[in-house]
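> Would you be able to build a 3D model of this:
(one chain, ligands or ions: 1)
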Amino acid sequence: MSSPNSRPIFETRPASWWDRNAVPKLIGFCCAQPQIMKARSRIVPKADGDVLELGCGGGINMEFYDPARIRSFSGLDPSPALLDASREAASARGMTADIRGGVGEAMPFDDASFDTILVTFTLCSVDEQAQVLKEMRRVLRPGGKALFLEHGRAPDASVQKWQRRIEPVWKRIGGNCHLTRQITGAYQAAGFRIANADKTYMPKTPRPFGWIEWGEARN
Ligand SMILES: C[S@@+](CC[C@H](N)C(=O)[O-])C[C@H]1O[C@@H](n2cnc3c(N)ncnc32)[C@H](O)[C@@H]1O
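The predicted structure is shown next:
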């Protein structure tokens, strides 16, 4: 077991009224659009073994898990407003779940604890993306997989220009959600091997918000 004291301490920013009350509703609305739910239905059922969902939010992915493939389920999210909803969603699915408050930059789990980490629309919102990816590699078993589905930096210069313009305001109202972060490239830079990856602009979504990438990142 690694000592928690050997890692830097990361704490959640103090939550403002907006973060506590408006952001969960905004996330619930934006992240439950039909085209996003369809994308979730393609990636979440691949989770198997001992599973961690990082940034589990209000449990929106819960309906897509295949409980028969899951030995244990853990969740981690810093938002107290969302954790109870996540626990209820797990219980409604008949899954025993260990859902904790905490951040991906310093996960309260032992080394090599999980076969799968599911991360959807979360690396856009963390404070230190590279540190989270490092922690993911630590808590994943060798050969384990991160299943990812994220929005981020678009390939087109004209869209990137708008992403850079909008991001400073958007991240303030959208729970620290960034528009310009790399996705697959960030996993590769952290040392993951990428498989079954794909990317596209989501239909019916303004392009600065609509570039998504998904796939499996092997530890
Ligand atoms: C846009 S929401 C997505 C929620 C959910 N994963 C989904 O797919 O709809 C971003 C989530 O990341 C969580 N989050 C923010 N900072 C985080 C951090 N440092 N570590 C882990 N989760 C974080 C937020 O609380 C929120 O639940």
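> can we go C-alpha only for contacts and neighbour counts from here?
OK.
> counting contacts, what elements does the longest helix belonging to the chain pack onto?
Using DSSP state H to define each element, the chain has its longest helix at helix 157-173. Applying 3 or more C-alpha pairs under 8 Å, 6 or more residues apart in numbering; DSSP states H and E, we find helix 157-173 packed against helix 207-210.
> C-terminal to the longest helix of the chain, what's the next element?
helix 184-189 (DSSP states H and E).
> Can you get me a residue count around Ile166?
Other residues within reach of Ile166 by the criterion other C-alpha atoms under 10 Å amount to 16.
> ok, now how distant is it from Gly55?
Taking C-alpha to C-alpha, to the nearest Å as the criterion, Ile166 is separated from Gly55 by 23 Å.
> ditto for Leu83
For Leu83, the distance to Gly55 equals 10 Å [C-alpha to C-alpha].
> List the residues that are in contact with both of the two.
A shared contact of Leu83 and Gly55, defined by C-alpha atoms under 8 Å, 6 or more residues apart in numbering, is any residue touching both; here these are Asp77.
> what bits of this structure have low per-residue confidence?
Judged by pLDDT under 70, the chain has its weakly predicted residues at 1-14.
> quick one, helices of it?
Using DSSP H, the helices of the chain run over residues 17, 23-30, 34-43, 80-92, 129-139, 157-173, 184-189, 207-210.
> List the buried residues for the second one?
Neighbour-count burial for helix 23-30 flags 23-24, 27 (criterion: 16 or more other C-alpha atoms under 10 Å).
> Now do the contacts for His148.
You called it His, but residue 148 is Phe. For Phe148, the contacting residues are 43, 118-120, 213-217, by C-alpha under 8 Å, 6+ apart.
> Between those residues, which sits nearest the ligand?
Nearest to the ligand, judged by C-alpha to the nearest ligand atom, of the contacts of Phe148 is Thr120 at 4.2 Å.
> Get me the contact residues on this structure for the ligand.
Applying C-alpha under 6 Å from any ligand atom, one finds that the chain approaches the ligand through 27, 31, 54-57, 60, 77-79, 103-105, 120-122, 125-127.
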